[in-house]
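J.: everything below, folded, please.
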Amino acid sequence: MAFAGIVPRMDASLAAPPLLEIDDATVLRGNRPALGRFSLRVEAGQHTAILGANGSGKSTLVQLVARQLYPLAPGDGRSPVRVFGRDRWNVAELRSLLGIVSPALQREYTSDTPLEVFDAVVSGFFAARGLWLDHEITAAMRERANAALARTEASHLVGREMASLSTGEARRVLIARALVHRPRALLLDEPCAGLDIASRRHFLETLRALARGGTTLLLVTHHVEEIIPEIGRVLLLKDGRTLREGDKAATLTGEALGEAFGMPVRVTRHGEWYEAAVL
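T.: Okay, here's the model as predicted:
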């Protein structure tokens, strides 16, 4: 399905550098490593899920990629983290290429301070929460904001305050905000947290459409059920290190998940979807 005004960067990914390269990175939380000599490479167009229990290092990894924290400096002076082939970024510039959606971001945008839905989306062009007097909105910006809202099936929410939205509705608006830049990739940190089973499936179908439309997805979760069919690669984290990585069939096994979560797990496959249950 095509969406007016939103053009996936399919051509850019053909010769693009990897979306993400992490080479032997260590991040400390207090005196202990939250990530220990961690390495990961994600190619452009390679939809990937990062799966692990609470405390496995997922949140630290998200903050590392988002430039909210930094690893220990290696002795040779090189940076162990590169996003789209670069190790130095202006954060606002990075956000235009890598959209981020998380429960923490949602809390920021659904606080008591009033913020209307369209304003929340179009203010993404200015890396601001809402619009200010010095923000000049062009016709092209309005067109792209409306197209992004249509793409996430959130157009009907325009006119409402962000604080009045359900969890699922707010997530759709935040994805639309990220899409106004036509990003190459989306980093999704526990994107289904707080959703009921119907809202979660509807939201996941939105992610499927984005993946098929050319936006690379990097999904961070602790729920196997959220790994959409378009995601072909899974990395299991445990204690800040890679426990196992590879294609879904080899990684989403009872043995591997049992080790990752510290208890016996049964994995069931339903077509292209996976489900896990504690024994």
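J.: okay, now His270: neighbour count?
T.: 8 (other C-beta atoms under 10 Å). Every residue, glycine included, has its C-beta placed from N, CA and C.
J.: how far away is Gly55 from Lys238?
T.: 9 Å (C-beta to C-beta, to the nearest Å).
J.: compare the two (neighbour count), which wins?
T.: Lys238 (19 against 13).
J.: against Val42, how distant is that one?
T.: Taken as C-beta to C-beta, the span from Lys238 to Val42 is 19 Å.
J.: again with Leu133
T.: With C-beta to C-beta as the criterion, Leu133 and Val42 are 40 Å apart.
J.: over to Leu243?
T.: Leu243 is 17 Å from Val42, by C-beta to C-beta.
J.: repeat that for Val220.
T.: For Val220, the distance to Val42 - C-beta to C-beta - is 12 Å.
J.: now Phe203
T.: Taken as C-beta to C-beta, the span from Phe203 to Val42 is 22 Å.
J.: likewise Ala128?
T.: Distance from Ala128 to Val42, by C-beta to C-beta: 29 Å.
J.: what about the two, which has more around it?
T.: Val42 (21 against 14).
J.: who's in contact with the more buried one?
T.: Contact analysis of Val42 by C-beta atoms under 8 Å, 6 or more residues apart in numbering lists Pro18, Leu19, Leu20, Thr48, Thr216, Leu218, Arg233.
J.: so which of those belong to helices?
T.: Among the contacts of Val42, no member is found in helices (DSSP state H).
J.: so which of those residues comes closest to Leu195?
T.: Leu218 (19.1 Å; C-beta to C-beta).
J.: make sure the closest one is actually in contact with Arg184.
T.: No - counting by C-beta atoms under 8 Å, Leu218 sits too far from Arg184 to count as a contact (10.9 Å).
J.: name the residues contacting each of the two.
T.: Leu19.
J.: quick check: buried residues in stretch 134-154?
T.: Met141, Arg144, Ala145, Asn146, Ala147, Ala148, Leu149, Ala150, Arg151, Thr152, Glu153, Ala154 (16 or more other C-beta atoms under 10 Å).
J.: sorry, wrong one. I was asking about stretch 113-131.
T.: Those would be 115-126, 129-131, for stretch 113-131 by 16+ other C-beta under 10 Å.
J.: what's the longest helix in the chain?
T.: Every helix in the chain considered (DSSP H), the longest is helix 197-212.
J.: same question for that one, mean pLDDT?
T.: Averaging pLDDT along helix 197-212 gives 92.
J.: give me the helices and strands touching it, please.
T.: Applying 3 or more C-beta pairs under 8 Å, 6 or more residues apart in numbering; DSSP states H and E, one finds that helix 197-212 contacts helix 167-179, strand 216-221.
J.: quick one on the thing from earlier: of the contacts of Val42, buried ones?
T.: Leu19, Leu20, Thr48, Thr216, Leu218, Arg233.
J.: pipe the residues you listed into JSON lines and attach distance to Ala73 and pLDDT per row.
T.: Shown next, in JSON lines, are the buried ones among the contacts of Val42 (distance: C-beta to C-beta, whole Å; pLDDT from 0 to 100):
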{"residue": "Leu19", "distance to Ala73": "23", "pLDDT": "94"}
{"residue": "Leu20", "distance to Ala73": "19", "pLDDT": "95"}
{"residue": "Thr48", "distance to Ala73": "26", "pLDDT": "97"}
{"residue": "Thr216", "distance to Ala73": "28", "pLDDT": "96"}
{"residue": "Leu218", "distance to Ala73": "24", "pLDDT": "97"}
{"residue": "Arg233", "distance to Ala73": "29", "pLDDT": "97"}
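J.: can you add distance to Arg82 and give those back as CSV?
T.: Shown next, in CSV, are the buried ones among the contacts of Val42 (distance: C-beta to C-beta, whole Å):
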residue, distance to Arg82
Leu19, 10
Leu20, 7
Thr48, 16
Thr216, 15
Leu218, 14
Arg233, 19
